[in-house]
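> Quick one: sequence plus predicted model below, questions after.
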Amino acid sequence: MAIIIKSPEDIEGMRRAGRLGAEVLDYITPFVKPGVTTGELDRLCHEYMTNVQGTIPAPLNYAPPGYTPYPKAICTSVNDVICHGIPGDKVLKSGDVVNLDITIITQDGYHGDNSRMFYIGPPSILAKRLTEITYECMWLGIAQVRPGGHFGDIGQAIQIHAEKAGYSVVREFCGHGIGKVFHEEPQVLHYGKAGTGEELKPGMIFTIEPMINAGRREIREMGDGWTIKTKDRSLSAQWEHMVLVTETGYEVLTVSEGTPPPPAFITGAQAAA
Ligand code: MF3
Ligand code: CO
Ligand code: CO
């Protein structure tokens, strides 16, 4: 099965979806404070998507083979939760770090998938460094994207930077092609060797979403069927953007007013206008 090359119309739809997905993160940012519950963040995002944007939360009732339907609108992954944390009664407290992963579906069926990290009060030195290194990992992966490159180029850039810092790359979850389908080909690994894997071609759209652990890379699955934690209970961080392969390089699609800028060492960053 080949990787889909998006039509100009699809690309335009994915720019809109990416912006709307990013705007949910902008909207929720001021609410991400000590004392708020993850369930309240979910409720607010869900309302914003439905009532303000007219978008649909893609996670709600999402049920890939072997999974029970996901019960909420967003994912809230706190501290040692790697990904797919289910919002609920958990109260965020000073010193926590949380990833909010938002995926919207537009009226015309396009997915906008992205995530950011948030500090609850002042972060520990470790949490801040892990979060920043993970952000650099995502951007080093993005900066590899160009026609004629390979998916392995992205994985290698991420893995080298994470491991040089003493951290580990989660293997069980990866980035993915995306469009009118939430998760489609290819799998975008966050580790690997440059020059390996499929060739990148203009019109491909996929996510880059490295999950980086402060300790060992092994995971633990929780009994709720979704939540994934680090086996050694070390902190984990993640950032996610959707990226389009252009004729000359890349375009980041999940951009809004509040999108954090790329790290200073990334030159020539191209974002959707
Ligand atoms: N947004 C996640 C990703 O980046 C997927 C979440 S699936 C859910 O691919 F069902 F847990 F929401
Ligand atoms: Co996501
Ligand atoms: Co994703």
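Nice, I can see it. Ligands and ions are numbered 1, 2, ... in the order given.

> At which residues are the strands of the stretch 101-250 of the chain located?
111-119, 168-169, 175-177, 184-188, 205-208, 211-213, 219-221, 228-230, 236-238, 241-245, 250-252 (DSSP state E, counting those that start in this stretch).

> okay, now the residue in the stretch 51-200 of the chain that ligand 1 sits nearest to: neighbour count?
Nearest residue of the stretch 51-200 of the chain to ligand 1 (Cβ to the nearest ligand atom) works out as Pro59 at 2.8 Å. Any C-beta I mention is one placed from the backbone N, CA and C, and that applies to glycine too. By other Cβ atoms under 10 Å, 24 other residues sit near Pro59.

> sorry, back to before: got a markdown table for the strands of the stretch 101-250 of the chain, with distance to Tyr48 too?
As requested, the strands of the stretch 101-250 of the chain are exported to a markdown table (distance: least, Cβ to Cβ, whole Å):
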| stretch | distance to Tyr48 |
| --- | --- |
| strand 111-119 | 13 |
| strand 168-169 | 32 |
| strand 175-177 | 24 |
| strand 184-188 | 26 |
| strand 205-208 | 21 |
| strand 211-213 | 26 |
| strand 219-221 | 30 |
| strand 228-230 | 26 |
| strand 236-238 | 22 |
| strand 241-245 | 19 |
| strand 250-252 | 22 |
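
> For Asp96, which of those is the nearest?
Asp96 lies closest, by Cβ to Cβ, to one member of the strands of the stretch 101-250 of the chain: strand 111-119, at 8.0 Å.

> just how off-centre is the closest one within its chain?
Centroid separation between strand 111-119 and its chain, computed with Cα atoms, centre = their mean, to the nearest Å, is 5 Å.

> Just confirm yes or no for it near ligand 2.
Yes: applying Cβ under 5 Å from the ion, one finds strand 111-119 in contact with ligand 2 at Asp113.

> Close to ligand 3: what parts of the protein are there?
Within the chain, the residues that sit near ligand 3 (Cβ under 5 Å from the ion) are 113, 207.

> Grab the most central residue of the chain for me.
Nearest to the geometric centre of the chain sits Glu240, at 2.5 Å (Cα atoms, centre = their mean).

> give me every residue that touches that one.
Going by Cβ atoms under 8 Å, 6 or more residues apart in numbering, Glu240 touches 101, 113-115, 138, 175, 207-209, 254.

> Fine by me, we can end here.
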